[in-house]
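Undergrad: What follows is a predicted structure for the sequence shown.
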Amino acid sequence: MVVAPNTSKNIAKAKGAIATKFPKALLALTVNLIGLWAVGSVNINKAEAVIVDSQLQANERADLKSLSPHSLSPNFLFAAKPLSIDRRISATLIDSQNKLWIGTWRGLIQIDRRTGGAVTSISLPNSTVTALLEDQRGYFWVGTTSGLYQIDPDSGKIENIAIQLSSSRILSLAMDRAGFIWVGTDLGITRISPYNAETYARLPNIPGTAANVMQLDKDGNIWVGTLEGLFKLNPGTAKIITRIAFVSGQIVQTIAIDPSGTVWAGTPRNVIEINPKTNKAIARINPVTGRDIVALASNKKGELWIGMRDGLVLANTYNGEITSLVNNLPNSTISNLLIRDRQLWIGTEGGLSKINTTLKESEIPNATATVVYKVQK
């Protein structure tokens, strides 16, 4: 079924607690596909664990490569099966109804968690999904390379389009405790209403310019990784609380916060541990030094899953040792990691896998993932 967005209704502004769903609104769209971030892979060093050396400050840069812009038709598809086109996985979400969704280079797909079959497919006007978030009302916020859209996942209809952002190139999304949506772009951060996408705060001049990744900690603060390091943001005041000096000048591509509140930051060359109370870098996972770290996830035991451009490993955060290497992935290039109900969902450029977060003795040091979904070309 093809739906042409062409109507608009007023939606009440966000004030106080999040309310129930408002009437739907559809808007006409015309968008352009623009560039994607690309970072080259690097080689692994011999495994060893070491405490962080204060001299380890190095400027690390990833090349930004872009595609020539071209217009896409503003059609919206809500289909029973995915299209047979390139669907490299760029984001993963398990929603409040326990449904599994993957964001791809060609829109959203709902996957049956038991069979791995595609249930529904949502194709956006700009299909290149870069970030995916569910708000407190059950709506999806979908970041793309040419804009941000609010979608009703039940109907597949676009409810709102955020138009007053720092940039239309969305890199990351986060939701604070009040339910406001924080939108990270290549030109700063914007806080918007979850009801109508109205802008409530703008931070265009953040250190490092591009908000590659954002993560909410247990105190309600937002950690932001950029092209030039890591900082902590107070969402209530929209002010930067502190910058992490150790990672200043380094690209931070992914963040994980473990059950104790410790922050882990992944860069193109290492994984760095940060004490959230002192804001000091205190250790690193040396077995992955020199590897391009693109995704991190922490389980309840405090173990750290480390996704790279060339593989996935499990690390013991107490001694920095790698305890297991994960095999049977659809592709060795990891794009995102998600832990839910003792399962790690592994997004790659070739499809989706899963593995139990509690490995058996026989699965160490080599664990085998189960392929759930392979991309179609």
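TA: Received, thanks.
Undergrad: What would stretch 146-165 look like as PDB? C-alpha coordinates only.
TA: Extracted in PDB, the C-alpha atoms of stretch 146-165 (Å, rounded to 0.1, in the frame of the first residue of the first chain):
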ATOM      1  CA  SER A 146      18.500  13.700   5.000                       C
ATOM      2  CA  GLY A 147      16.200  14.400   7.900                       C
ATOM      3  CA  LEU A 148      14.300  13.200  11.000                       C
ATOM      4  CA  TYR A 149      10.900  11.600  11.000                       C
ATOM      5  CA  GLN A 150       8.400  10.600  13.700                       C
ATOM      6  CA  ILE A 151       6.500   7.400  12.700                       C
ATOM      7  CA  ASP A 152       3.500   5.500  14.000                       C
ATOM      8  CA  PRO A 153       4.800   1.900  13.700                       C
ATOM      9  CA  ASP A 154       1.300   0.400  13.800                       C
ATOM     10  CA  SER A 155       0.200   2.300  10.600                       C
ATOM     11  CA  GLY A 156       3.500   3.200   9.100                       C
ATOM     12  CA  LYS A 157       2.400   6.800   8.800                       C
ATOM     13  CA  ILE A 158       4.800   9.800   9.200                       C
ATOM     14  CA  GLU A 159       3.500  11.900  12.100                       C
ATOM     15  CA  ASN A 160       6.000  14.700  12.200                       C
ATOM     16  CA  ILE A 161       9.100  15.900  10.400                       C
ATOM     17  CA  ALA A 162      11.700  17.900  12.400                       C
ATOM     18  CA  ILE A 163      12.600  20.900  10.200                       C
ATOM     19  CA  GLN A 164      14.500  23.200  12.600                       C
ATOM     20  CA  LEU A 165      17.500  21.100  13.300                       C
END
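Undergrad: Tell me the gap between that stretch and the middle of its chain.
TA: Remark: stretch 146-165 is offset 17 Å from the chain centroid, using Cα atoms, centre = their mean, to the nearest Å.
Undergrad: same deal with stretch 368-377?
TA: The chain centre lies 19 Å from the centre of stretch 368-377; the measure is Cα atoms, centre = their mean.
Undergrad: Now it: buried residues?
TA: By 16 or more other Cβ atoms under 10 Å, the buried positions in stretch 368-377 come out as 369, 371, 372, 373, 375, 376. C-beta: built from backbone N, CA, C; applies to glycine.
Undergrad: Tell me which of those residues has the lowest pLDDT.
TA: Among the buried residues of stretch 368-377, residue 376 has the lowest pLDDT, at 68.
Undergrad: Just grab the bridge partners of the residue nearest the centre of the chain for me.
TA: Nearest residue to the geometric centre of the chain (Cα atoms, centre = their mean): residue 131, 5.3 Å. Residues in a beta bridge with residue 131, per DSSP bridges, are residue 143.
Undergrad: tell me the phi and psi of the residue nearest to residue 311 when sequence neighbours are not counted?
TA: With sequence-adjacent residues excluded and distances taken as Cβ to Cβ, 6 or more residues apart in numbering, residue 311 is closest to residue 332, at 5.3 Å. Main-chain torsions, residue 332, degrees, to the nearest 10: phi -80, psi -10.
Undergrad: Quick check: residue 332 vs residue 92, distance?
TA: The gap separating residue 332 from residue 92 is 17 Å, by Cβ to Cβ, to the nearest Å.
Undergrad: neighbour count winner among the two?
TA: More neighbours surround residue 92 than the other of residue 332 and residue 92, with 21 against 15 (other Cβ atoms under 10 Å).
Undergrad: For that one, list the residues it contacts.
TA: 100, 101, 102, 103, 132, 336, 337, 338, 345, 347, 352 (Cβ atoms under 8 Å, 6 or more residues apart in numbering).
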